[in-house]
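Participant: pasting a predicted model and its sequence here:
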Amino acid sequence: MPSSRVTLRQSLALVWRTLRSMRTALILLLMLALASVAGSLVPQLPNSPERVIRYQLDHPLVGALYGRLGLFDVYGSWWFVLITTLLFVSLVACLLPRTRALIRTLRQRPVQAREIDGFRLYQERVVPADPARAIDGSRRVLRRRLFRVARDGDGRAALAAEKGALREIGSLLFHWAFLLIVAGVIYGKGTGFTGRVVVIEGKTWVDAQANYDGQIRAGRFFNGDFTGTGIHLRGFEDTYRRTGQPMDFVSHVDLLDPEGNLVRRADIRVNHPASIDGLGIYQYGFGWAPVVEVRRDGELIAAEPLTFVQDTAPEGVPQLAMPWHGVLKLPSTDPQLGIQLELWPDSRAFLQQLQTGQPVAMIQAFEPFMRFAVFRGELTDLSQLSLDTSVMRAGTRGIVGAGTTVDLRTGKPVEDGQAPTGQAPSRLTIAFPELRQYSVLQVSRDRGVPLVLLAAILVLIGLLPALYTSRRKVWVRAEPNGSGTILKVGGFALQRKTQFEQEFAKLVDAMARAADAPAAKERERVDSL
């Protein structure tokens, strides 16, 4: 007996039947969820390449395996794209036949049943009206209860009715909306980006690639079309409880168009972002930005607010009790200078820590001061937040308070108008005229948000019919019985069958009363005559 060979057409038909199965769609959805979990647990190259390098150095064997499997770039790997594509195809293959079947059902009239006395729910009632009036009364009762009703076209006194198609419509709407959510997320994340920016009070930031601090997390299909809109930080406010617990952080900003014109003003808080030209602007962090001025023989050579950061506090120490650190680099001096700065915003808290030995939170600025350490030599570190002193020579150390000026050569305060001393060819001074704050904002663009929002609304709309509607079918026959009519009613429910038993009894009673109503009115008219 010759062996049967599976043809290409049969193989494709088998694959298509498998994809059309809802079980396949659920399995693919589970695989997609597991892949997303892996993308959250394993460092990803697009987000943090330094963490990926560190992981590979610390775990060479596992790191090499993860690299071959594409786990360091899950969302860009070929297998993740394949799973996503198959999920889309499977969902569409499941939904299209169901949608066509629903459309055919809605266009067709309810179909008559051959034998209605074989249904589980069946009742007979004898009414005094003739069959035509009994059927008309039943039809009115069914239509008032939102049944779709079709009368027998063969001349028989019979009705076929059904309702609950809204449940199937809601189910399909829910699944189509889920598909729209997946499409919106892929479109939004694929064409969008997220980055963080630091804006100092009084400064303006413009949406351009060069102005983002650190690496931008961009989608696979992001084409680099930045908006050019601006954010001007008018002021920043932070409020705390007496215990040091934060209450509110708010950035008061002006949102500007690409030409620099004011569009509107906004207050950005945690969980209360602002938006302009498709950009979402979120409050992420804040810090201190002291204004530092350096003069050489009275000539200003550096004057700018510097961004200061905090080290992570040790266990048991409040983060607000830690000082802030910054760096000022002077490449134009000879030799080049690098100045390490340590800011204490609240001198009272500093003195209290010295007296008690216990850390004290610095909630507000009060007579701030900075410690400084000067280093001379070649500036090899390009970072604005760190200073490489390995090839530099340590120099003067000192303290500069708010509104004061200090000589960088001697570390002593300089009075206004005081002339240089000694035979030094030039004098460098550092001043601390003002203490500002800065705001760290997260700027992101996600064009898929409207699609996801629309899909979420459709999901809720689709769920409501599933909660409050059920499929019901009812058949009615009216047969003459002497001077009256035998009303035969059969029905069944596809969902909530126990509940329909009570509904069916009430429905038959209503049909019997509706059939008897015309005869009762006729008797009342004859009696009145």
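Facilitator: That came through, no problem. Numbers count the residues shown, from 1 in each chain.
Participant: helices or strands up against the one helix or strand Val52 maps to?
Facilitator: Using DSSP states H and E, Val52 falls within helix 49-58. When contacts are defined as 3 or more C-beta pairs under 8 Å, 6 or more residues apart in numbering; DSSP states H and E, helix 49-58 sits against helix 60-69. All C-beta atoms are positioned from the backbone trio N, CA, C, and that covers glycine.
Participant: can you give me the buried ones in the helix it packs on?
Facilitator: Residues of helix 60-69 classed as buried under the neighbour-count rule (16 or more other C-beta atoms under 10 Å) are Gly63, Tyr66.
Participant: can you start the count at 56 instead of 1 from here on
Facilitator: In the new count, where the first residue is 56, that last one comes out as helix 115-124.
Participant: for the helix or strand following that helix, the distance to its chain's centre please.
Facilitator: Where DSSP H and E defines the elements, the next helix or strand beyond helix 115-124 is helix 133-162. Chain-centre distance of helix 133-162: 25 Å, with C-alpha atoms, centre = their mean, to the nearest Å.
Participant: helices or strands up against helix 133-162?
Facilitator: helix 63-74, helix 77-96, helix 220-246.
Participant: which of those helices sits most buried?
Facilitator: helix 220-246 (a mean of 18; mean count of other C-beta atoms under 10 Å).
Participant: compare the helices and strands packed on helix 133-162 and give me the one nearest Pro468.
Facilitator: helix 77-96 (53.8 Å; C-beta to C-beta).
Participant: distance of the closest residue in space to Thr73 that isn't next to it in sequence relative to Leu141?
Facilitator: Nearest residue to Thr73, sequence neighbours excluded (C-beta to C-beta, 6 or more residues apart in numbering): Thr79, at 5.5 Å. Applying C-beta to C-beta, to the nearest Å, the value for Thr79 to Leu141 is 8 Å.
Participant: I figured Gly546 hits Arg526, correct?
Facilitator: No: Gly546 lies out of contact with Arg526 (C-beta atoms under 8 Å); the separation is 11.1 Å.
Participant: and these two? which has more neighbours close in?
Facilitator: Gly546 (24 against 17; other C-beta atoms under 10 Å).
Participant: direction included, what does the helix or strand hosting Ser306 pair against?
Facilitator: Per DSSP H and E, Ser306 falls inside strand 301-311. Within its sheet, strand 301-311 is paired with strand 285-295 (antiparallel), strand 317-324 (antiparallel), according to DSSP bridges.
Participant: what is Tyr493 paired to in the beta sheet?
Facilitator: Ile255, Gly342.
Participant: okay, it and Gly340: tell me how far apart.
Facilitator: Taken as C-beta to C-beta, the span from Tyr493 to Gly340 is 9 Å.
Participant: and the two? Which one has more around it.
Facilitator: A direct count of neighbours by other C-beta under 10 Å for Tyr493 and Gly340 places Tyr493 higher, at 23 against 13.
Participant: for Gln391, which of the strands paired with strand 301-311 is the nearest?
Facilitator: Per C-beta to C-beta, nearest to Gln391 of those: strand 285-295, 31.5 Å.
Participant: would you mind listing the buried residues in the closest one?
Facilitator: Counting neighbours by 16+ other C-beta under 10 Å, the buried set in strand 285-295 is Gly285, Ile286, His287, Leu288, Phe291.
Participant: swap in stretch 330-345?
Facilitator: Residues of stretch 330-345 classed as buried by neighbour count (16+ other C-beta under 10 Å): Ile331, Leu334, Gly335, Ile336, Tyr337, Gln338, Tyr339, Phe341, Gly342, Trp343, Ala344, Pro345.
Participant: can you check stretch 558-574 too?
Facilitator: Glu558, Phe559, Leu562, Val563, Ala565, Met566, Ala567, Ala569, Ala570, Asp571, Pro573, Ala574.
Participant: average pLDDT across it?
Facilitator: Mean pLDDT, stretch 558-574: 83.
Participant: which other residues reach it?
Facilitator: Under the contact criterion C-beta atoms under 8 Å, 6 or more residues apart in numbering, stretch 558-574 has outside partners 176, 178, 180, 182-184, 188-189, 192-193, 195-197, 200, 527, 529, 531, 533, 540, 542, 544, 546.
Participant: how far out from the middle of the chain is that stretch?
Facilitator: Put simply, stretch 558-574 sits 54 Å off its chain's centre (C-alpha atoms, centre = their mean).
Participant: quick check on Ala548: phi, psi?
Facilitator: Backbone torsions of Ala548, given as degrees, to the nearest 10, read phi -120, psi 140.
Participant: strands - which of the buried residues of stretch 558-574 land there?
Facilitator: Judged by DSSP state E, strands contain none of the buried residues of stretch 558-574.
Participant: next, format those residues as JSON lines and append distance to Glu170.
Facilitator: Listed next are the buried residues of stretch 558-574 as JSON lines, based on distance: C-beta to C-beta, whole Å:
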{"residue": "Glu558", "distance to Glu170": "22"}
{"residue": "Phe559", "distance to Glu170": "17"}
{"residue": "Leu562", "distance to Glu170": "20"}
{"residue": "Val563", "distance to Glu170": "18"}
{"residue": "Ala565", "distance to Glu170": "24"}
{"residue": "Met566", "distance to Glu170": "19"}
{"residue": "Ala567", "distance to Glu170": "22"}
{"residue": "Ala569", "distance to Glu170": "24"}
{"residue": "Ala570", "distance to Glu170": "22"}
{"residue": "Asp571", "distance to Glu170": "26"}
{"residue": "Pro573", "distance to Glu170": "29"}
{"residue": "Ala574", "distance to Glu170": "29"}
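Participant: surely Tyr267 is in contact with Val252?
Facilitator: Yes: between Tyr267 and Val252 there is a contact under C-beta under 8 Å: 6.0 Å.
Participant: where do the contact lists of those two overlap?
Facilitator: With C-beta under 8 Å, 6+ apart as the test, Tyr267 and Val252 both reach Val498.
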